[in-house]
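A.B. asks: quick one, what's the 3D model for this:
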Amino acid sequence: MAANRRIGVLGVGFGGDVHVPGLRSEGWDVAAIYSRNEQKARDAAASLEIESWSTDAHEIIGRDDLDAIAIATPPRPHAEFAIAALEAGKHVICEKPFALNGAESARMRAAARASDRVAMVAHEFRYTPQRTLIKELINDGYIGMPETANIELLMGRPSPPGAPPVTWASLKAEGGGFLGALGSHYIDNLRFWFGDVLTAQGHLSTLRPDRKVPITGETVDSETDDAFSFILTHLNGVVSSMTASSTVSPSIGARLTVMGSKGVLQASQPGPNPPEDGVVFGSNDGSPLKELPTPERLTPFTDDRDQRLMAFRLFLREFNRAIDTGAAVAPNFDDGHACQQVLDAVRQSSETGRVVVIN
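C.D. replies: Below is the predicted model:
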């Protein structure tokens, strides 16, 4: 990687917790940070020792001394910021949920295709040892022809007891909702394992709508889903399904099962995200499931600062490699658009009660 590459980070939540330390560990100079809230921008720049801050994202995007932009804001401005950054000649990392809808994501994909820049969507969990190992085992024929897959994600409401605060995640206009926030990661993962999706059927629910306005203490209803289910058919014939809730008590975690003509693979995780030391269980001879060895190459290092950092840093190494060599890379903006199409189809199915064909 060329020395002294500089990047601006848009967003101070996940951007400050994961993007900034991850980028620095992988050779980037984080030169600027943005928040629409001035105090948050000032505080983030001070605590993270970043030389400049701004409440104007376009001021950072337009800077001539930056090579790339990382977008870690809530979803509403993703399309605006990503397209502006690509048109300004910047490489781009964009967080998920990728966009508000497929029309936006199509414009983002078109802007990436029209540029000569690297544009990636931050579905970094493709790079966790668990997910990569399952992909390799499927490709190697461990379970024969893959046939079905099922995911359960059962999470609890946050502490303390009572209504959680209103945030962007509770607002439709901001791109909130459990399907986008976490379902998007799992949809990308299903596409990673089995390829593109042909049809989607789904249902969204708001089981615990109460939210508290932090300043006034008023209780209001969330506008977005906190539980969902879907069934997808992939172009290769695999049928995948997922059931998820963020209202379970106690929280259980996630279990992912892949079944094929010759065997089964299974992985579990205690929280919403795959841990860096997660393992895979499997059987292809009729015997009980047993732990399968994880090759050391899939865990080249660990990072105890945040359990999400190892996967994110491996993702960044692909970003760097693509910039250095011009090689194709994934997950890119084509993947972001494909995932957004599935999200849209699940929402449309929930509204109409119909199976939706994805074009």
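
A.B. asks: list the buried residues for the helix or strand where R131 lies?
C.D. replies: Assessed by DSSP states H and E, R131 sits inside helix 129-139. Using 16 or more other Cβ atoms under 10 Å as the test for burial, helix 129-139 gives 129-135, 137-138. The C-beta positions use only the backbone N, C-alpha and C, and glycine is treated the same way.

A.B. asks: how's this structure carved up into domains?
C.D. replies: In the domain annotation for the chain, the residue ranges read 6-124+312-331, 125-300+339-357 (automatic domain parsing).

A.B. asks: out of the ones you listed, deepest packed?
C.D. replies: Mean neighbour count (mean count of other Cβ atoms under 10 Å) peaks for domain 6-124+312-331 among these, with a mean of 20.

A.B. asks: so where do the strands sit in the stretch 201-350 of the chain?
C.D. replies: For the stretch 201-350 of the chain, strands defined by DSSP state E, counting those that start in this stretch occupy the ranges 210-212, 219-221, 227-234, 239-245, 253-260, 264-269, 280-283, 290-292.

A.B. asks: in its sheet, which strands sit next to the second one, and in what direction?
C.D. replies: Each strand pairing with strand 219-221, determined using DSSP bridges, is listed with its direction: strand 210-212 (antiparallel).

A.B. asks: now do the strand it pairs with: distance to the chain's middle.
C.D. replies: Offset of strand 210-212 from its chain centre (Cα atoms, centre = their mean, to the nearest Å): 25 Å.

A.B. asks: what sits up against it?
C.D. replies: Applying Cβ atoms under 8 Å, 6 or more residues apart in numbering, the set of residues contacting strand 210-212 from outside is 162-166, 170, 218-222.

A.B. asks: related to what we said a few turns ago, Serialize the domains of the chain to CSV and add fields for distance to D306 and mean pLDDT.
C.D. replies: Listed next are these as CSV, based on distance: least, Cβ to Cβ, whole Å; pLDDT from 0 to 100:
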stretch, distance to D306, mean pLDDT
domain 6-124+312-331, 6, 98
domain 125-300+339-357, 10, 96
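
A.B. asks: hmm, back to that, what helices and strands are in contact with the helix holding R131?
C.D. replies: Other elements packing on helix 129-139 under the criterion 3 or more Cβ pairs under 8 Å, 6 or more residues apart in numbering; DSSP states H and E are helix 184-194, strand 253-260, strand 264-269, strand 280-283.

A.B. asks: among those, which is nearest F315?
C.D. replies: When these are compared by Cβ to Cβ, helix 184-194 sits nearest F315, at 11.8 Å.

A.B. asks: quick check: A85 vs H58, distance?
C.D. replies: According to Cβ to Cβ, to the nearest Å, A85 stands 9 Å off from H58.

A.B. asks: what touches both of these two?
C.D. replies: Both A85 and H58 lack any common contacting residue under the criterion Cβ under 8 Å, 6+ apart.

A.B. asks: tell me which of the strands of the stretch 201-350 of the chain lies nearest to A110.
C.D. replies: A110 sits nearest to strand 227-234 of all the strands of the stretch 201-350 of the chain, at 24.7 Å, using Cβ to Cβ.

A.B. asks: okay, now the sheet partners of the closest one, with direction.
C.D. replies: Here the strand partners of strand 227-234, with direction, are listed using DSSP bridges: strand 197-205 (antiparallel), strand 239-245 (antiparallel).
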